[in-house]
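1. Okay, here's the prediction I keep looking at, along with the sequence it came from:
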Amino acid sequence: MRIVFVCLGNICRSPAAEGAMRRIAPELTLDSAGTGGWHVGDPPYGPMQAAARAHGIDLSNLRARQFRADDFDAFDLIVAMDRQNQADIEQLRPAGNTTPVKLMAQTDVPDPYYTRDFDGALDMIEAAATRLLAHISRTPDR
């Protein structure tokens with residue numbers, strides 16, 4: 001299974017989701033991206049890296065990239081951190097493509113870059129990653 005996690009800038013929520021999922025499912029092919037291109041090539045935001053380290057998640061080797069239309073073909077599942085990013089992703093969907101675009105949690109994951117609640121975002125992301133893994137483990141074609 002190939003999964004890409006997507007947020008706005010790819011420096012907080014989506015790299016945290018990638019890192020959390022790598023920790024619990026290292027056998028999966030995982031990546032993260034942002035709908036915006038402001039931070040391309042940058043490492044995750046320092047306060048997010050620090051919070052993730054405290055949760056046992058290392059984000060230091062990740063670098064931001066922008067989500068592209070060809071990601072619809074490169075991944076089996078696209079996971080958005082909030083409804084606005086989900087809508088922005090859908091705007092790039094190639095005609096005829098059926099790759100699912102799902103929300104990470106049952107509600108939007110608040111952006112800690114703005115809220116400053118890095119631990120709260122990580123708690124939501126880790127819980128959602130566990131649910132996602134349970135769901136895909138039950139999927140027959142995994």
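-> Cool, the structure landed.
2. ok, Leu62 touching Ser14?
-> No - counting by CB atoms under 8 Å, Leu62 stays clear of Ser14, with 9.2 Å between them. C-beta: built from backbone N, CA, C; applies to glycine.
3. Among these two, which residue is more densely surrounded?
-> When neighbours are counted by other CB atoms under 10 Å, Leu62 and Ser14 differ, and Ser14 comes out ahead with 32 against 22.
4. and that one, what is it in contact with?
-> The neighbours of Ser14, taking CB atoms under 8 Å, 6 or more residues apart in numbering as the test, are 5-7, 32-34, 81.
5. which one among those residues gets closest to Gly96?
-> Val6 (20.7 Å; CB to CB).
6. and the next element down the chain from the strand or helix carrying the closest one?
-> If you go by DSSP states H and E, Val6 is part of strand 2-7. For strand 2-7, the following helix or strand on the C-terminal side (DSSP H and E) is helix 13-24.
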